[in-house]
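*Asks:* Any chance you could fold what I've pasted below:
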Amino acid sequence: MRKIALQLFTVREAAQKDFIGTLKHVAAMGYQGIEAGGSLGGLPVKELHNILDDLGMAFVGGHIGVSTIHSGLEAMLNDYAALGAHYIGTAYLPDEYRKDTAAWQRAGRLLEKAATMCIKHDLVFFHHNHNMEFVKMEDGRYGFDVLLDSTDSFLVKAELDVYWAQYAGVDPVTYLKHLGSRAPLVHIKDMTSDESRTFEIIGNGTLNFPAIFEAGDAAGVDWYIVEQDQCPKGELESARESYSNIVARGWLSK
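*Replies:* Numbering: from 1, shown residues only. All right, here's what the predicted structure looks like:
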């Protein structure tokens, strides 16, 4: 059975109002884990660990900013390790790290530094893409490829966001095959069929999820993580319907 988690950015407003209650709703929907998008609800690590245990959900990992790599990473790694996480990574790089090939290579050195710090905590470091990772550089490579080519494949992994790949005009199935075992995490979200190409509930849009899951399984994807940047039916209902569609279409089983 495939492991499906929810990125808490999807339910950020609900979580801000009632973090524990939101976790309970997410668990009741069927999600087996969560990925943090920033705040851990202000809860002590031990308390959050116990809550997730009681709900039967794993703490997959989460996203951090570049500023955390520069200051505060060790404390964050300690918290993540205590929560039983396996992954931590960046989801956005400032312009200074994306303007040309040299900038992407400089970003790679920064991420490799963070990844090295992760080793003693048994955490795997990754970078999550948006569409700007698929801008081509002077040598014809995507920025994402320059970043990954400039880092040790053991240390720095990819969390492929299939929506943003598609949005950039890159076939997510082909790119997932290109990444292979370097993509232990995949963000799944769907896209509307109209000109806006905006966010849609999984299964109600245009992305080819059977092919995405097949390619992901072949690559050894550990977690598929549902994320919706915008929720067409409200946060909790959109998360619930996305998971229900995954189950109804048989995408939960390998």
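*Asks:* Okay, Leu23 and Gly89: tell me how far apart.
*Replies:* As judged by Cβ to Cβ, to the nearest Å, Leu23 and Gly89 stand 22 Å apart. Just so you know, the C-beta spots here come from the backbone N, C-alpha and C atoms, and that holds for glycine as well.
*Asks:* ugh, wrong one, Thr206
*Replies:* Taking Cβ to Cβ, one finds Thr206 at 27 Å from Gly89.
*Asks:* between these two, who's got more neighbours?
*Replies:* With neighbours defined as other Cβ atoms under 10 Å, Thr206 and Gly89 compare such that Gly89 has more, 24 against 12.
*Asks:* Leaving out chain neighbours, which residue sits closest to that one?
*Replies:* Excluding the flanking residues, the one nearest Gly89 by Cβ to Cβ, 6 or more residues apart in numbering is Phe126, at 3.5 Å.
*Asks:* that's a helix at the one you found, yeah?
*Replies:* No: according to DSSP: H, G, I helix; E, B strand; the rest coil, Phe126 belongs to no helix; its state is strand.
*Asks:* Do I have it right that it meets Val156?
*Replies:* Yes: here Phe126 reaches Val156: they are 7.1 Å apart, a contact under Cβ atoms under 8 Å.
*Asks:* can you give me the strands in the stretch 51-200 of the chain?
*Replies:* 58-64, 87-90, 124-128, 156-161, 185-188, 190-191, 199-200 (DSSP state E, counting those that start in this stretch).
*Asks:* Throw those into a markdown table and include mean pLDDT, thanks.
*Replies:* Below are the strands of the stretch 51-200 of the chain laid out as a markdown table (pLDDT from 0 to 100):
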| stretch | mean pLDDT |
| --- | --- |
| strand 58-64 | 97 |
| strand 87-90 | 98 |
| strand 124-128 | 98 |
| strand 156-161 | 98 |
| strand 185-188 | 98 |
| strand 190-191 | 98 |
| strand 199-200 | 98 |
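*Asks:* Relative to Leu110, which of those strands is closest?
*Replies:* strand 87-90 (8.8 Å; Cβ to Cβ).
*Asks:* and that closest one, what does it pack onto?
*Replies:* Contact partners of strand 87-90 among helices and strands, from 3 or more Cβ pairs under 8 Å, 6 or more residues apart in numbering; DSSP states H and E: strand 58-64, helix 73-82, helix 101-118, strand 124-128, strand 156-161.
*Asks:* And the average pLDDT for stretch 234-246 is what?
*Replies:* Averaging pLDDT along stretch 234-246 gives 98.
*Asks:* Kindly report the same for stretch 75-82.
*Replies:* Stretch 75-82 comes out at a mean pLDDT of 96.
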